[in-house]
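1. Here's a sequence, model it:
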Amino acid sequence: MKGVVEIGDCAFSSLPNLKKVKLSPELKSIGAAAFLNCTKLEEITIPDTVIHIGAGAFVNCTSLKTVTLPKSLGGVRSFTFFGCSALSHINLDGVNSKGVYSFEGTKIDVQHIPYMEFGMEELKEITTLHIPSQIRCSAFS
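-> You can find the predicted model right below:
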């Protein structure tokens, strides 16, 4: 995937035979549920250029054993690795916060990592909020 800077939401979701992914060294963002239900995906190295991984990006990747995260990532969003039952090795060097259920169902101990405030920090200056008729799941994570 050379030259790709963004993987959109659900881009590779539910590809049951996907085992390996080589990500572009120019990649900046992985969308929400991008690899959801890729049950044969075993290992992924996310380049240091990535600054955003969307909520639920790797939900139910049940064969995923090893993940290398960029040191500059900062936080892991809600449900990112939810249900990755084989996940036993991940570098958490640059991770300083986690969203709810971000590692639920994995073999990773993340009790020492505090929960993030769901991206609301950027919203402190808002004085008026117009709420639409519908707000989607994970709208603020």
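
2. Which residue ranges of this structure form strands?
-> 6-7, 29-30, 43-45, 52-53, 66-68, 74-76, 89-90, 95-98 (DSSP state E).

3. What is the last one packed up against?
-> In terms of contact count using 3 or more Cβ pairs under 8 Å, 6 or more residues apart in numbering; DSSP states H and E, strand 95-98 is assigned the packing partners strand 74-76. Using the backbone N, CA and C atoms, a C-beta is placed for each residue, glycine as well.

4. and the strand it packs on, which residues are buried?
-> Using 16 or more other Cβ atoms under 10 Å as the test for burial, strand 74-76 gives 75-76.

5. avg pLDDT for that strand?
-> On average, the pLDDT along strand 74-76 is 87.

6. before we move on, what about stretch 10-25?
-> In this model, stretch 10-25 carries a mean pLDDT of 94.

7. now stretch 32-46
-> 95.

8. cool, and stretch 92-107?
-> Averaging pLDDT along stretch 92-107 gives 89.

9. What are the contacting residues of that stretch?
-> 55, 69-88, 108, 110, 113-118, 141 (Cβ atoms under 8 Å, 6 or more residues apart in numbering).

10. Try it again at 6 Å.
-> Residues from elsewhere that reach stretch 92-107 (Cβ atoms under 6 Å, 6 or more residues apart in numbering): 71-85, 87-88, 110, 113-114, 116, 141.

11. what comes up buried for that stretch?
-> 92, 95, 98-99, 101-104, 106.
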